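In: when you get a sec, could you give me coordinates for this:
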Amino acid sequence: MIIDTHAHLYYPELSENINEIIDNALQSGIKKIIVPAIDIETTEKILKLTAIHDIIYAVIGFHPCDITKLSEKDFQTLENYLNEDKVVGIGETGLDYYWDKTYKDKQIDFFKRHLELSEKYDLPVVIHTRDSIKDAISIIADSSNKCSGQFHCFSGDEKDLEDVLNFNSYFVSFCGNITYKNFVSLSVVKNTPLEKLLAETDSPFLTPIPHRGKKNQPAFVVNTIKKIAEIKNIDLKILEDNLEANTRILFKKAF
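Out: All right, here's what the predicted structure looks like:
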């Protein structure tokens, strides 16, 4: 079973063709798609998708780039949705210092609050770390929470990978950019243990070769998985079996 653990299906270029997108995924062997939210509006869109399509599951939360427009009421609304049957995680949360460092303190505060919700509801947290992975690791290390989670679209170095693996209950995933000629962190992919890997597309972004130039979609996760198998020099079926087992452990509510 292949699972795309991170696909933003609410973007118009995907949502307006959702039946075709899902058919393509099924034909490629994808059995489940986990869709992360970035705010309340996308949370509600995703929950509607989960009610219509068996293959879709939700991760709900607030993206660090969207926190400037959030209020306490939004957090209360979010928490009201966390007991929905097909909500299997919390996020996409984390830190983003690439676009705007102005609200760094608020990003950190919101990230910590997501970690608290993760522990309270026994749901994994999905973490965004653009230009910020060391701070995210430090926050988790300093936290007393017993969370589990996914470092999505992992962009850290060898030391960052070591630190994440030391948490024991966290997994890492890679996107289609590992198939690009200018990708420079092949050793990080190679050194990520099989038992800590997840598969994702980050659709509609980071489309893998040979589909680069098109909008990414869950069906294309197979290309990223094949590249991981090539980098690690392992049998594709062994990799797929490990990816499924890891997803079952982390996103247990989806199974």
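
In: where does pLDDT dip in the stretch 1-150 of the chain?
Out: Scanning the stretch 1-150 of the chain for pLDDT under 70 picks out the ranges 145.

In: 80 instead?
Out: Low-confidence segments of the stretch 1-150 of the chain, defined by pLDDT under 80: 99-102, 144-146.

In: please enumerate the strands of it.
Out: In the stretch 1-150 of the chain, strands defined by DSSP state E, counting those that start in this stretch lie at 2-4, 30-36, 56-60, 87-96, 125-130, 149-151, listed in chain order.

In: list the contacts of residue 106.
Out: Residue 106 makes contact with 67, 68 under the criterion Cβ atoms under 8 Å, 6 or more residues apart in numbering. Using the backbone N, CA and C atoms, a C-beta is placed for each residue, glycine as well.

In: against residue 98, how distant is it?
Out: Distance, residue 106 to residue 98, by Cβ to Cβ, to the nearest Å: 16 Å.

In: what do you get for residue 80?
Out: In this view, residue 80 and residue 98 are 31 Å apart by Cβ to Cβ.

In: do the same with residue 88
Out: Relative to residue 98, and taking Cβ to Cβ, residue 88 is found at 27 Å.

In: so which of these two has more stuff around it?
Out: Counted by other Cβ atoms under 10 Å, residue 88 and residue 98 do not tie: residue 88 has more neighbours, with 25 against 11.

In: if we can go back for a sec, how about the strands of the stretch 1-150 of the chain, which one is nearest residue 244?
Out: Closest to residue 244 of these, according to Cβ to Cβ: strand 2-4, at 6.6 Å.

In: give me the neighbour count for residue 122.
Out: By the measure other Cβ under 10 Å, the count of residues near residue 122 is 11.

In: and it, what does it touch?
Out: No contacts exist for residue 122 under Cβ under 8 Å, 6+ apart.

In: quick revisit: just send the strands of the stretch 1-150 of the chain back as TSV, with distance to residue 230 too.
Out: As requested, the strands of the stretch 1-150 of the chain are exported to TSV (distance: least, Cβ to Cβ, whole Å):
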stretch	distance to residue 230
strand 2-4	17
strand 30-36	20
strand 56-60	28
strand 87-96	28
strand 125-130	25
strand 149-151	22
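
In: closest one to residue 214 among those?
Out: Nearest of the strands of the stretch 1-150 of the chain to residue 214, taken as Cβ to Cβ: strand 2-4 at 15.8 Å.

In: flag every buried residue along that closest one.
Out: For strand 2-4, a neighbour-count test (16 or more other Cβ atoms under 10 Å) marks 2, 3, 4 as buried.

In: what do you get for stretch 199-218?
Out: Under the neighbour-count criterion of 16+ other Cβ under 10 Å, stretch 199-218 has 199-204, 206-209, 216-218 buried.

In: what is the end-to-end distance of it?
Out: The stretch stretch 199-218 measures 10 Å between its terminal residues, going by Cα to Cα, to the nearest Å.
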